[in-house]
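[1] what shape does this take:
(2 chains)
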Amino acid sequence: MLRTHTCGDLRRTHVGQTVTLCGWVDKYRDHRGIVFIDLRDRYGKTQIKFNLSDDSDIQKTAWDLRYEDVVQVTGEVVERPADMTNPKLATGEIELRAKDLVVLNKSKTPPFEPEGQSLPNEELRLKYRFIDLRRPELQKAMIMRHKLTKATRDYFDSLGFLEVETPILGRSTPEGARDYLVPSRVHQGSFYALPQSPQLYKQLLMVGGLDRYVQIARCFRDEDLRADRQPEFTQIDVEMAFITREDLLQVIDGLVAAMTKAMRGIDIKLPLPRYTYNDVMERFGSDKPDLRFGMELVDIKDVAEKCEFGVFKQTIANGGRVRGINAKGAADKYSRRILDNDMKNLVADYGAKGIAYFKVTGGKLDSSIAKFFTEEQQQAIIAKLNGEEGDLLLFVADTNKVTSAALSALRSRLGRELQLYDPAEINVAWVLDFPLVTWNADENRWDAEHHPFCSVVPEDEQYFDTDPGRVRASSYDLICNGYEAASGSIRIHDPVMQQKVFDLLKINAEEAEKRFGFLLEALRYGAPPHGGIALGLDRWVMLYAGYDNIRDVIAFPKTQKASDLLTGAPSEVDTRQLRDLHIAISERK
RNA sequence: GGGGCCGUAGCUCAAUUGGUUAGAGUACCGGACUGUCGAUCCGGGGGUUGCGGGUUCGAGUCCCGUCGGCCUCGCCA
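    As a prediction, the model looks like this:
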């Protein structure tokens, strides 16, 4: 080892010892006769002192040290004078009096300092990721990520799960996200697909009798990115045989408790709260509401259909809905300009044509449209939304879908801006009973809400032929702070039932055989009842770390256009490589 | 594919209504300094204002296009 201790180790108890540290030059303070260096590694920082009277040769070398040089320093741990300790450093009561200095590697002037006064733009940080990774915030994320996977493996190991690796080079099963494709050299014109998830493999493992499976699995989806979405990401992928939905929920409750203990050191209360899909959609307008605060959606159909405000009245007459939320005490916090522009633009993103708002003042509604509501109607609105003096009531009139999406977005923004919750809180809950299928108006058919292998809540089978939209899936999502944090279901293990679902989705037998034949065949050879779930590992790390961006918890993330600014991927390749793969690039337009 | 924000020195930012030689802090280079911890002080170098067009007597500023980064709708079974 080139060092005896790390830069975070040394304390008053080490005084008098001769030690060797290695690290990066974080700061240098050159007084000519005396030079101070803050030496940094991932464990901390230690002040090094070079004194001219001690050894002038070392001193001269110390004069030339610059940011991010990598050095090895040997010296004696000495106590700092009482008035010169640094309470900002864990090692601030001591310093290292240098006797020997080796410059292990001189650094070019770095494009930015890891702990400089201001963080450079993300483009530069991504290009020089190896420097960005020296920042404590990114190192914290990598450490948390390690701890989370460790806690996960320990937890499932204790329950007898087997970690099984599934192929990265697999078969493309169209539908769902776009696949990343890998051309085959041996099979001209054929392609492998990178897995969007190990979904089919883990079901095959259940048929294979492996019973309890877990994998920290890399997944790939060629879709547009978001702050919480990367083209390649990691799932904690789980599948179990011979279980009910209840069994699965309890196992994952335990996992969430183990993860929270490992990441935050706290014991969360079990069982995790459970909501139904219909419940959260009605109360929060979202299938993944942030449950750290209330501000639930309220339907005011009774008032809206009778009032003289045309937009409300017409919407109800056309079969739509008028729903609103109460931003407690926010009447004076938003100007008319913000409400008429910013808030309107926000809901417009979700298809809403406008936003109606009232301030509760003197027991009445104050608004440019208040005149369209009788005294009685105003009181009814105030009562329904529990309005009090100084509250701001916001309404959207549109289809059920649009009011949900728009008010959910409004609620998220208001909750954040009005600071209605503790940003550090981790609030996890189950959402159960998603619809099995949703109507796809464009294609004139039913689409699977989760995936085509999801089983049905038994008492809803009766609606299969008459009212498919009413059939609930035996599925479940974990939600955390407004993010979808996990998703799973009890699967279909009966080939007859599977065929019924394919029929509903208008996937004909021939097509099903072509796409998923291997799975259907497996179901015919004694497939046990089984189900599972997949947790988005990156998102969980992001949430536990308190970051709002998934890139900050991934060592080498990609940009919104899915390129890697550090390596330059994706890149053009040699024509010879293309020839081996029988691939020709058509002219760019 | 659509909408929004952004791009000026290595970095973070400024630059009046379109008007003189595009500035500041920091970094970098040189000098001074034995107790600093955002060290301080003195001096210096450093610019294709992302790129390409256009309007104008004159463009960092206005217009069009394009490239890149971020946020977002669609998309993500």
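
[2] from here on, contacts and neighbour counts on C-alpha atoms
    Noted.

[3] okay, now the residue of the stretch 101-250 of chain A found nearest RNA strand B: neighbour count?
    Nearest residue of the stretch 101-250 of chain A to RNA strand B (Cα to the nearest atom of the strand) works out as A:G176 at 2.9 Å. Neighbour count of A:G176, defined by other Cα atoms under 10 Å: 11.

[4] isn't there a helix covering A:D447?
    No - A:D447 is assigned strand when assessed by DSSP: H, G, I helix; E, B strand; the rest coil, not a helix.

[5] how near is the closest residue to A:G44 other than its chain neighbours to A:G92?
    Spatially, and ignoring its direct neighbours in sequence, A:G44 is nearest to A:G8 (4.1 Å; Cα to Cα, 6 or more residues apart in numbering). Using Cα to Cα, to the nearest Å, A:G8 is found at 10 Å from A:G92.

[6] who touches both of these two?
    Residues touching both A:G8 and A:G92 (Cα atoms under 8 Å, 6 or more residues apart in numbering): A:T46.

[7] and chain A, what are its domains?
    The record's domain parsing of chain A by automatic domain parsing lists A:12-105, A:121-272+A:528-584, A:293-417.

[8] would TSV of these with distance to A:N278 and mean pLDDT be doable?
    Listed next are the domains of chain A as TSV, based on distance: least, Cα to Cα, whole Å; pLDDT from 0 to 100:
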stretch	distance to A:N278	mean pLDDT
domain A:12-105	47	94
domain A:121-272+A:528-584	18	96
domain A:293-417	12	95
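
[9] in a markdown table: the ones you listed, plus distance to A:G285.
    Output for the domains of chain A, formatted as a markdown table (distance: least, Cα to Cα, whole Å):
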| stretch | distance to A:G285 |
| --- | --- |
| domain A:12-105 | 44 |
| domain A:121-272+A:528-584 | 20 |
| domain A:293-417 | 4 |
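
[10] quick one on the thing from earlier: count of neighbours near the residue nearest to A:G44?
    18.

[11] helix/strand/coil for it?
    The three-state assignment at A:G8 reads coil, by three-state DSSP.

[12] same check on A:K27?
    Put simply, A:K27 is strand when judged by three-state DSSP.

[13] hmm, it is touching A:V35, no?
    No - the criterion here is Cα atoms under 8 Å, and A:K27 misses it with A:V35 at 10.6 Å.

[14] now the helices for the stretch 351-500 of chain A?
    A:375-384, A:400-417, A:495-504 (DSSP state H, counting those that start in this stretch).

[15] check those for me and report the most buried one.
    Ranked by mean neighbour count, the helices of the stretch 351-500 of chain A are led by helix A:400-417 with a mean of 20 (mean count of other Cα atoms under 10 Å).

[16] helices and strands around it, which ones?
    Counting contacts by 3 or more Cα pairs under 8 Å, 6 or more residues apart in numbering; DSSP states H and E, helix A:400-417 packs against helix A:277-284, strand A:321-327, helix A:344-348, strand A:392-398.

[17] in TSV: those, plus mean neighbour count and distance to A:F242.
    Converted to TSV, those look like this (neighbours: other Cα atoms under 10 Å; distance: least, Cα to Cα, whole Å):
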stretch	mean neighbour count	distance to A:F242
helix A:277-284	19	25
strand A:321-327	26	43
helix A:344-348	19	45
strand A:392-398	24	45
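
[18] can you say which of these is nearest to RNA strand B?
    Across those, RNA strand B has its closest neighbour in helix A:344-348 (8.1 Å, Cα to the nearest atom of the strand).

[19] contacts for the closest one?
    Contacts for helix A:344-348 (Cα under 8 Å, 6+ apart): A:K353, A:G354, A:I355, A:A406, A:L407, A:A409, A:L410.

[20] any idea how far the third one lies from A:R274?
    Distance of A:I355 to A:R274, given as Cα to Cα: 32 Å.

[21] so which of those two has more stuff around it?
    Neighbour count, other Cα under 10 Å: between A:I355 and A:R274, A:I355 has more, with 21 against 15.

[22] next, give phi and psi for the more buried one.
    phi -140, psi 130 (degrees, to the nearest 10).
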